[in-house]
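Asker: Below is the sequence, then the predicted model.
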Amino acid sequence: MEARPQRLPIAVSGDRAPRVNIWQVGCQMNTADADSLSEQFAELGMVPGVELENADLAVLVTCAVRQHAEDRASSRLGELAAWKRSRPGRGIALTGCMVGEHGSSLLRRFRHLDYVFDMREPDGFFARLRDLYQGALEGPVPLPASDRLLAYLPVILGCNEMCTYCIVPFVRGRESSRPAEQIELEARRLVDRGVVEITLLGQNVNSYLSPEDGTGLPELMAKVDRVPGLKRLRFLTSHPRNASGRLLDAIADLPTACEQLHLPVQSGSDSCLGRMKREYSVSEYLRVLERARARVEGIALSTDVIVGFCGETGDEFASTLGMLAEVRFDMVHVQAYSPRPGTAAYRRADDVPLAVKKERLQSVLELQRRISQERNHSLIGADVEVLIEGRGEDGRAYGRTRQNRVAWVERQAAPGETVTARVTAATAWQLVAA
Ligand code: SAM
Ligand code: SF4
């Protein structure tokens, strides 16, 4: 991968452990990767989590799913040139999905970038740091006290699907499930450190298969559910084809499992789904949602939608709007299609004009704002369980309900506490409860 020898010309300033600033963009998997890097830096004897101006090393955890995410990383890298020049010995390293996509050509493109590494194989990077810093590393540094209540826990890496628009299988590799025993142990460690809500992560989390005994996500959830002290369990992101009845049973029956299912649909038109190679039809998808609503009382459903995919006609887009209006999701994440070099769709014409993509994006946002507002309004007078996550500037406590709605609670409540409160007001995006 090395186009030119990777450098890390870091000179430690003074007689102190080197300090690291970690910048991150992208999905929850990158948040989990950034957390894992922090732990590895601390283990090595470096101090993670410092402000950029006080750092010796800047690390970027990047995303390549859309061009916009890549542009953000490039612009951050651009800004870091002056930061690096302002004190000799500073270094810059980059990891995440951009490495899978561009590899070491990044070192040629950004001359002030010192090191790129694959998040799946960070050992070489840490070995290089160990060599460079030697004397300045005095064994593990305690991680700064964390009041972290929520944590992401990756359980399956990579993706075996081949959705034609998506770069993930190319940059994150094939699926590989982590041992259930190790996941359970990590869940216990997180809870011991104060975490009360865990989200099990994977690009296609419901195709998890334990390497020990071939059991799936429902069995893994049952194991994590039993970790003493854990209050809530969620999982992200599921593929509609693998949303089994047993998974719905797990959501319904396990005490910590939250009544929430995020199931990306991407389009409400069969022809568009075919071009995307999603491998299900709209009616098959709708049947999964029907089963979910029948099996899990009060389940919140959310989805991802791409507008302006190659060849998306006005009728196809109208089918997507119609499907969204019919299902009435609790939440919809919508993106305009962004062509990704190397994917199958990249060979097709990106023929929906930008202005039309923007219009369609706005139409979805507007429709969903109205639906979310109506759904949240219908909760006024109902009791919701809120896990308090913190306090706003006005001192009010806020948190999320089991269905993942943001709620402000107008009573005394401490972070980590779970309170049952009655909804008194609602907007499209939040509830107020007392
Ligand atoms: N595995 C999940 C699934 O089956 O949909 C989602 C993971 S993907 C990294 C997250 C979201 O990014 C997708 O649901 C999709 O909406 C969006 N996405 C992926 N590739 C995209 C592209 N080329 N342009 C726009 N959005 C894209
Ligand atoms: Fe990408 Fe499709 Fe895999 Fe999701 S399932 S990560 S959209 S290839």
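Answerer: Nice, I can see it. Note that the coordinates shown come from a computational prediction; the quantities given were computed from them, not determined experimentally. Numbering: from 1, shown residues only. Ligands and ions are numbered 1, 2, ... in the order given.
Asker: which residues touch Thr320?
Answerer: 267-269, 272, 305, 307, 364 (CB atoms under 8 Å, 6 or more residues apart in numbering). All C-beta atoms are positioned from the backbone trio N, CA, C, and that covers glycine.
Asker: Strands - which of those land there?
Answerer: Counting by DSSP state E, these place 305, 307 in strands.
Asker: Let me know how buried the residue in the stretch 301-434 of the chain that ligand 1 sits nearest to is, in neighbour terms.
Answerer: When distances are taken as CB to the nearest ligand atom, the stretch 301-434 of the chain reaches nearest to ligand 1 at Asp304, 3.3 Å away. Neighbour count for Asp304, taken as other CB atoms under 10 Å: 15.
Asker: what do you get for Gly416?
Answerer: Neighbour tally, Gly416, other CB under 10 Å: 17.
Asker: Validate this expectation: it resides in a helix.
Answerer: No: read with DSSP: H, G, I helix; E, B strand; the rest coil, Gly416 is coil and lies in no helix.
Asker: Surely it touches Ile388?
Answerer: Yes: counting by CB atoms under 8 Å, Gly416 touches Ile388, with 6.6 Å between them.
Asker: what about the helix ranked longest in the chain, near ligand 1?
Answerer: If you go by DSSP state H, the chain has its longest helix at helix 354-377. No: Helix 354-377 does not reach ligand 1 (CB under 6 Å from any ligand atom); its nearest approach is 9.8 Å.
Asker: Which positions in the stretch 301-434 of the chain make contact with ligand 1?
Answerer: 304, 306, 335, 337-338, 340.
Asker: quick one: low-confidence ranges for this protein?
Answerer: Applying pLDDT under 70 to the chain picks out residues 1-15, 144-147.
Asker: So which residues on it come close to ligand 2?
Answerer: 159, 161, 163, 166, 168-169, 203-204, 239.
Asker: if I read this right, the residue of the stretch 301-434 of the chain closest to ligand 1 contacts Val265, doesn't it?
Answerer: Yes: Asp304 lies in contact with Val265 (CB under 8 Å); the separation is 7.2 Å.
Asker: residues in contact with the closest residue to Gly45 other than its chain neighbours?
Answerer: Spatial nearest neighbour of Gly45, chain neighbours left out: Leu137 (3.5 Å); criterion: CB to CB, 6 or more residues apart in numbering. In this structure, Leu137 makes contact with 17-18, 44-46, 130, judged by CB under 8 Å, 6+ apart.
Asker: now do Thr237
Answerer: 202-205, 262, 264, 304.
Asker: Recalculate using a threshold of 6 Å.
Answerer: His262 (CB atoms under 6 Å, 6 or more residues apart in numbering).
Asker: just the one 4 residues further on next, same as before
Answerer: Shown here is Arg241, whose contacts under the criterion CB under 6 Å, 6+ apart are 279-280.
Asker: pretty sure it is in a helix, no?
Answerer: Yes: judged by three-state DSSP, Arg241 forms part of a helix.
Asker: what's the distance between it and Leu263?
Answerer: As judged by CB to CB, to the nearest Å, Arg241 and Leu263 stand 10 Å apart.
Asker: for Arg85, same thing?
Answerer: When Arg85 is compared with Leu263 (using CB to CB), they lie 48 Å apart.
Asker: Give me the more crowded residue out of those two.
Answerer: The residue with more neighbours, out of Arg85 and Leu263, is Leu263; 19 against 10, by other CB under 10 Å.
Asker: correct me, but that one touches Ser238?
Answerer: Yes: with contact defined as CB atoms under 6 Å, Leu263 counts as touching Ser238 (5.4 Å).
Asker: re the thing from before, spatially nearest residue to the residue of the stretch 301-434 of the chain closest to ligand 1, not counting backbone neighbours?
Answerer: Looking at Asp304 with CB to CB, 6+ apart, the closest residue is Pro264, at 3.7 Å.
Asker: what's the neighbour count on Gly26?
Answerer: By other CB under 10 Å, 21 other residues sit near Gly26.
Asker: Please identify the helix or strand for it.
Answerer: Assessed by DSSP states H and E, Gly26 sits outside every helix and strand.
Asker: thought it was touching Thr62?
Answerer: No: using CB under 6 Å, Gly26 is not in contact with Thr62, being 7.0 Å away.
Asker: Determine the number of other residues adjacent to Ala325.
Answerer: 13.
Asker: Then the one 5 residues further on?
Answerer: Per other CB under 10 Å, the neighbour tally for Asp330 reads 21.
Asker: Nearest spatial neighbour of it, chain-adjacent residues omitted?
Answerer: Closest to Asp330 by CB to CB, 6+ apart is Ala300, at 4.2 Å.
Asker: if I look at that neighbour, how far off is Pro264?
Answerer: Ala300 is 15 Å from Pro264, by CB to CB.
Asker: Met29 now?
Answerer: 15 Å.
Asker: between these two, which one's more packed in?
Answerer: Neighbour comparison, Met29 and Pro264: the larger count goes to Met29, with 23 against 18 (by other CB under 10 Å).
Asker: Next SSE downstream of whichever helix or strand the more buried one is part of?
Answerer: Assigned by DSSP H and E, Met29 belongs to helix 28-44. Per DSSP H and E, the first helix or strand lying C-terminal to helix 28-44 is strand 57-62.
Asker: From the contact counts, what lies against that following strand?
Answerer: If you count contacts as 3 or more CB pairs under 6 Å, 6 or more residues apart in numbering; DSSP states H and E, strand 57-62 packs onto strand 20-24, helix 28-44, helix 67-85, strand 91-96.
Asker: For the shortest one, buried residues please.
Answerer: It stands for strand 20-24. For strand 20-24, burial by neighbour count (16 or more other CB atoms under 10 Å) applies to 20-24.
Asker: Looking at the residues you listed, which one is closest to ligand 1?
Answerer: Among these, and counting by CB to the nearest ligand atom, the member closest to ligand 1 is Gln24, at 15.0 Å.
Asker: Output stretch 340-360 as CSV - backbone C-alpha positions only.
Answerer: Extracted in CSV, the C-alpha atoms of stretch 340-360 (Å, rounded to 0.1, in the frame of the first residue of the first chain):
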residue,chain,number,x,y,z
ARG,A,340,-19.0,6.2,-6.4
PRO,A,341,-16.1,5.2,-8.7
GLY,A,342,-15.6,1.4,-8.8
THR,A,343,-19.3,0.5,-8.1
ALA,A,344,-21.5,-1.1,-10.8
ALA,A,345,-23.8,2.0,-10.9
TYR,A,346,-20.8,4.2,-11.7
ARG,A,347,-20.9,2.7,-15.2
ARG,A,348,-24.4,4.0,-15.7
ALA,A,349,-25.2,7.6,-16.5
ASP,A,350,-25.8,9.7,-13.5
ASP,A,351,-28.7,11.2,-15.4
VAL,A,352,-31.0,12.8,-12.8
PRO,A,353,-30.0,16.5,-12.9
LEU,A,354,-28.8,17.9,-9.6
ALA,A,355,-31.8,20.3,-9.4
VAL,A,356,-34.2,17.4,-9.7
LYS,A,357,-32.3,15.4,-7.0
LYS,A,358,-32.6,18.4,-4.7
GLU,A,359,-36.3,18.8,-5.4
ARG,A,360,-36.9,15.1,-4.7
